[in-house]
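# based on what follows, work out the 3D shape:
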Amino acid sequence: MLPVRGGAVPAGSEPLVARGVDVTLFASADSITAARLAAVAPRPYAEDPPLDAKVWECMHIAEVFERAGEFDLIHNHFDFLPLSYSALVRTPLLTTIHGFSSERILPVYQRYNRRAHYVSISNADRHPSLDYIATIYHGIPLEEFTPRREHGRYLLFFGRIHPDKGAAEAVELARRSGMPLVLAGIVHDEAYYEEKIAPFIDGEQIRFVGVAGPSERDRLLGGAYALLHLINFAEPFGLSMAEALACGTPVVATPRGSVPE
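The predicted structure is shown next:
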């Protein structure tokens, strides 16, 4: 079960299908997967503003648990909300915790600590009040990335345009170094973008290219001189760093959270 907010790639289901596991993937209807797709939301709500996030999240999660009896295991990638359904069904719930958005959500995880099973995505992201059965780092499909020996001539920011991710710091570094910068990703904080990023976009030294699909991602990451990951929070994992390294592109990062791992 994946979120419907956008940006999620159902890559984790594909190796299971290849190994003969019968997988039903609950995701938005535009997802591409070899698994059996079960969709309630037509599109990710981050890409379709008229979709009310709470309404479609509610229906999406309810669909999974109304069909719980069909499955041996429910694997939850949807943060804490599905935990509140877990006592209503007999099917075991495995939750991969993709970071904590706030300490305020911990009571939910703590309440279901003995009922659910938790997997962390890095050792740094484990909370001492919770029990975990494993740490499993994100994997990436290496066939989607092209290793390159020659570095490009621009710096790259690849991620959500949000204060946590250090987009403004990337702009400042580029301006002070004199190197071109390409910013790619979804605008997650409009006010931050308008104040800290947009005034410096000139189409030459600083360019914003928006959301990049798989082929564009490979080109951008592989063609960069370095990926900038100048985060302002304890990074739970940092998928773009692994993707950049798969292309042979160096990473300049702030050593917070899981970055040293």
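
# helices of the chain, start to end?
Using DSSP state H, the helices of the chain run over 13-18, 53-66, 106-111, 167-177, 190-192, 214-223, 239-246.

# hey, least reliable of the ones you listed by pLDDT?
Lowest mean pLDDT within these: helix 13-18, at a mean of 90.

# what does it rub up against?
Helix 13-18 is contacted by residues 23, 25, 33-35, 139, 141 when judged by C-beta atoms under 8 Å, 6 or more residues apart in numbering. Just so you know, the C-beta spots here come from the backbone N, C-alpha and C atoms, and that holds for glycine as well.

# burial count for residue 240?
22 (other C-beta atoms under 10 Å).

# equivalent analysis for the one 10 residues further on, please.
The number of residues packed around residue 250, counting by other C-beta under 10 Å, is 12.

# mind checking how far the residue nearest to it when sequence neighbours are not counted is from residue 219?
Using C-beta to C-beta, 6 or more residues apart in numbering and skipping residues adjacent in sequence, the residue nearest residue 250 is residue 226, 4.7 Å away. Distance of residue 226 to residue 219, computed by C-beta to C-beta, to the nearest Å: 16 Å.

# comparing the two, which shows the higher neighbour count?
Neighbour tally, residue 226 and residue 219, criterion other C-beta under 10 Å: the higher count belongs to residue 226, 18 against 14.

# residue contacts, that one?
Applying C-beta under 8 Å, 6+ apart to residue 226 gives the contacts 151, 155-156, 249-252.

# now the helices of the chain in a markdown table, with distance to residue 78?
Below are the helices of the chain laid out as a markdown table (distance: least, C-beta to C-beta, whole Å):
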| stretch | distance to residue 78 |
| --- | --- |
| helix 13-18 | 14 |
| helix 53-66 | 7 |
| helix 106-111 | 12 |
| helix 167-177 | 26 |
| helix 190-192 | 24 |
| helix 214-223 | 23 |
| helix 239-246 | 17 |
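
# measure residue 174 to residue 249 for me?
In this view, residue 174 and residue 249 are 16 Å apart by C-beta to C-beta.
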